[in-house]
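*Asks:* Coordinates only, no sequence provided:
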């Protein structure tokens with residue numbers, strides 16, 4: 001049992017003779033409704049249920065500039081939800097008055113507006129001082145905001161902190177170095193960094209104790225050519241690396257030669273051209289353990305770029321998760337088909353070719369491995385009957401996302417695809433519930449707030465958790481159009 005849970009759940013035997021650790025493992029498998037009932041059984045079960053129900057807590061600090069949806073109607077639906085802000089205040093107050101509850105929380109996610117919110121931050125700081133067992137903290141804002149006092153509180157009051165996310169400004173505040181040995185660091189979103197600035201110097205200065213422990217790193221707007229050699233040691237232990245709008249991507253090859261464990265690489269908002277092609281061709285001889293790859297570009301991809309992507313994918317046949325957002329003329333898409341046919345271990349695929357030209361998806365679906373469990377197809381086509389017939393061959397498909405609600409409605413998809421438990425069609429998001437016989441199918445629409453604050457911790461399926469924030473962007477952003 002993790003030492004972080006020992007202050008909450010004592011290692012004693014229940015009346016039935018089974019250790020509490022085993023009861024805790026069982027409780028984690030129960031639906032939340034059943035776990036809530038466990039709160040009233042006895043003191044030990046109450047503490048265990050708190051650990052399960054509130055291991056991750058989301059707080060909402062409303063104010064001007066806090067936007068969940070580009071769509072005004074849905075944005076108002078979220079902002080007008082009764083008691084949403086009050087619930088955040090109640091949680092913060094309960095943390096400061098109930099030590100058992102405070103110890104049960106391992107992860108806090110704060111959705112905040114870009115404004116100062118001074119009073120809210122003071123209440124949060126007070127609560128953080130009561131949480132010595134907190135392991136993760138995320139401050140998610142629409143734009144960078146300096147949260148120096150919160151950072152200082154985390155430094156002093158949360159010695160077990162392992163995961164940290166906050167927006168990094170172009171002029172980050174002066175901070176004492178964090179003594180915690182972080183395993184995950186996310187410094188996005190970020191303003192555009194000047195070429196002479198580099199987030200890696202910030203990491204070296206502020207997180208020196210984490211240089212040997214980081215396994216997951218997310219940065220934005222960093223020049224790969226300016227990565228200091230002192231930061232190369234970080235790459236030796238990284239398992240997940242995410243870069244938003246990286247400059248001079250070809251220079252990433254040098255630090256990647258030091259990697260020994262990288263399994264996930266995400267390159268978001270990358271420009272096509274010589275730099276990208278140089279990187280992809282050089283990386284075909286690197287990253288032997290890579291199982292997750294994401295590449296998105298907002299520019300049109302040329303034939304040479306597609307050839308480089310194809311060769312990279314062929315060189316990594318063990319990929320289990322693949323996300324490609326590449327805009328190109330539809331006659332060029334078949335260049336990728338031989339590579340997709342090689343990925344026989346693929347479990348999750350997100351393919352976005354944009355709302356432009358029509359694509360014949362029948363050859364595409366014919367080469368995809370039947371092992372797929374999650375499929376996101378943002379593709380413009382009109383072969384709906386063929387799509388449904390082809391999808392019925394994917395016997396393990398549990399989650400499906402398509403950019404239209406008609407003619408293939410969520411109801412039709414859930415009825416025809418017997419393993420589906422989650423479907424997003426257009427802007428509609430449904431959870432699929434089936435009875436034990438599989439004959440009765442019930443669709444439950446996900447509430448707007450649930451969708452707008454999706455986090456990877458909300459999903460038990462790691463393949464869906466991996467793309468949770470991208471799915472949130474799909475549903476909430478006007479950039480993602482409903483096709484047809």
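*Replies:* Yes, it's here. Owing to the predicted nature of the structure, the values given are computational and were not obtained by experimental measurement.

*Asks:* rest of the way, CA atoms for contacts and neighbours
*Replies:* OK.

*Asks:* In what element of secondary structure is the closest residue to residue 28 other than its chain neighbours found?
*Replies:* Of all residues not flanking residue 28 in the chain, residue 52 sits nearest, at 6.2 Å (C-alpha to C-alpha, 6 or more residues apart in numbering). If you go by DSSP states H and E, residue 52 is part of helix 43-53.

*Asks:* Which strands or helices does that helix pack on?
*Replies:* Contacts defined by 3 or more C-alpha pairs under 8 Å, 6 or more residues apart in numbering; DSSP states H and E place helix 43-53 against helix 20-27, helix 32-38, helix 99-104.

*Asks:* can you tell which of these is closest to residue 302?
*Replies:* Smallest distance to residue 302 across the helices and strands packed on helix 43-53 (C-alpha to C-alpha): 48.5 Å, for helix 32-38.

*Asks:* which stretches of the stretch 151-300 of the chain form strands?
*Replies:* 163-165, 184-186, 216-220, 240-244, 264-268, 292-300 (DSSP state E, counting those that start in this stretch).

*Asks:* want to throw these into CSV with mean pLDDT?
*Replies:* Shown next, in CSV, are those (pLDDT from 0 to 100):
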stretch, mean pLDDT
strand 163-165, 94
strand 184-186, 95
strand 216-220, 92
strand 240-244, 95
strand 264-268, 96
strand 292-300, 92
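
*Asks:* can I get those in a markdown table with mean neighbour count and distance to residue 99?
*Replies:* Output for these, formatted as a markdown table (neighbours: other C-alpha atoms under 10 Å; distance: least, C-alpha to C-alpha, whole Å):
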| stretch | mean neighbour count | distance to residue 99 |
| --- | --- | --- |
| strand 163-165 | 20 | 22 |
| strand 184-186 | 21 | 26 |
| strand 216-220 | 21 | 30 |
| strand 240-244 | 20 | 34 |
| strand 264-268 | 19 | 37 |
| strand 292-300 | 17 | 39 |
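
*Asks:* Columns distance to residue 366 on top of the ones you listed, output as CSV?
*Replies:* Putting those into CSV (distance: least, C-alpha to C-alpha, whole Å) gives the following:
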stretch, distance to residue 366
strand 163-165, 40
strand 184-186, 38
strand 216-220, 35
strand 240-244, 31
strand 264-268, 26
strand 292-300, 22
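
*Asks:* Can you check which of the ones you listed gets nearest to residue 76?
*Replies:* For residue 76, the closest of the strands of the stretch 151-300 of the chain is strand 163-165, at 27.1 Å, according to C-alpha to C-alpha.

*Asks:* Please compute how far the closest one lies from its chain's middle.
*Replies:* 13 Å (C-alpha atoms, centre = their mean, to the nearest Å).

*Asks:* Stretch 329-348 now?
*Replies:* For stretch 329-348, the distance to the chain centre is 24 Å (C-alpha atoms, centre = their mean).

*Asks:* got the contact list for the helix or strand where residue 338 lies?
*Replies:* Element membership of residue 338, judged by DSSP H and E, is helix 337-342. Applying C-alpha atoms under 8 Å, 6 or more residues apart in numbering, the contact partners of helix 337-342 are 310, 311, 313, 314, 317, 364, 367, 368, 369.

*Asks:* and the next element down the chain from that helix?
*Replies:* Sequence-wise, the next helix or strand downstream of helix 337-342 (DSSP H and E) is strand 348-354.

*Asks:* Let's test this: mean pLDDT of that following strand, rounded?
*Replies:* What strand 348-354 shows for mean pLDDT is 91.

*Asks:* before we move on, what about stretch 392-410?
*Replies:* 89.

*Asks:* go on, stretch 424-436?
*Replies:* For stretch 424-436, the mean per-residue pLDDT is 86.

*Asks:* bridging residues for residue 424?
*Replies:* For residue 424, the beta-bridge partners are residue 401, residue 429 (DSSP bridges).

*Asks:* And it, how far from residue 431?
*Replies:* Look at residue 424 and residue 431: by C-alpha to C-alpha, to the nearest Å, they are 9 Å apart.

*Asks:* Give me the more crowded residue out of these two.
*Replies:* Higher neighbour count among residue 424 and residue 431: residue 424, with 24 against 17, using other C-alpha atoms under 10 Å.

*Asks:* Could I get the contacting residues of the more buried one?
*Replies:* If you count contacts by C-alpha under 8 Å, 6+ apart, residue 424 has them with 400, 401, 402, 410, 430.

*Asks:* In this structure residue 55 contacts residue 103, no?
*Replies:* No - using C-alpha atoms under 8 Å, residue 55 makes no contact with residue 103, being 9.1 Å away.

*Asks:* Of these two, which one has the most company?
*Replies:* Higher neighbour count among residue 55 and residue 103: residue 103, with 24 against 19, using other C-alpha under 10 Å.

*Asks:* What's the separation between that one and residue 468?
*Replies:* Shown here: residue 103 relative to residue 468, a distance of 27 Å by C-alpha to C-alpha.

*Asks:* And the lowest mean pLDDT element among the helices and strands of this protein?
*Replies:* One helix or strand of the chain scores below all others by mean pLDDT, DSSP states H and E: helix 72-79, with a mean of 75.

*Asks:* Give me the helices and strands touching that helix, please.
*Replies:* Using 3+ C-alpha pairs under 8 Å, 6+ apart, helix 72-79 sits against helix 448-452.

*Asks:* low-scoring stretches of this protein, by residue?
*Replies:* Scanning the chain for pLDDT under 70 picks out 1-17, 63-66, 82-83, 114-117, 142-146, 169-174, 189-198, 438-439, 483-484.

*Asks:* longest helix anywhere in it?
*Replies:* Within the chain, and with DSSP state H defining each element, the longest helix by residue count is helix 84-97.

*Asks:* Doesn't residue 457 lie inside a helix?
*Replies:* Yes - checked against DSSP: H, G, I helix; E, B strand; the rest coil, residue 457 lies within a helix.

*Asks:* Can you tell me, leaving aside adjacent residues, what's nearest to it?
*Replies:* Computed as C-alpha to C-alpha, 6+ apart, the closest residue to residue 457 that is not its neighbour in sequence is residue 465, at 6.8 Å.

*Asks:* Tell me, how many residues neighbour the one you found?
*Replies:* By the criterion of other C-alpha under 10 Å, residue 465 has 17 neighbours.

*Asks:* Same question for residue 162.
*Replies:* Residue 162 sits with 20 neighbouring residues when counted by other C-alpha under 10 Å.

*Asks:* Identify the residues contacting it.
*Replies:* With contacts defined as C-alpha under 8 Å, 6+ apart, residue 162 is in contact with 135, 136, 180, 181, 182, 183, 184.

*Asks:* Residue 263 too?
*Replies:* 239, 240, 287, 289, 290, 291, 292.

*Asks:* How many neighbouring residues does the first one have?
*Replies:* Spelled out, it's residue 239. By other C-alpha under 10 Å, neighbour count at residue 239 equals 21.

*Asks:* The third one too?
*Replies:* Under the neighbour criterion other C-alpha under 10 Å, residue 287 is assigned a count of 19.

*Asks:* swap in the fifth one?
*Replies:* When neighbours are counted by other C-alpha under 10 Å, residue 290 registers 20.

*Asks:* ok, now how distant is the residue nearest to it when sequence neighbours are not counted from residue 381?
*Replies:* Distances taken as C-alpha to C-alpha, 6+ apart put residue 263 closest to residue 290, at 4.1 Å, once the chain neighbours are dropped. Distance, residue 263 to residue 381, using C-alpha to C-alpha: 33 Å.
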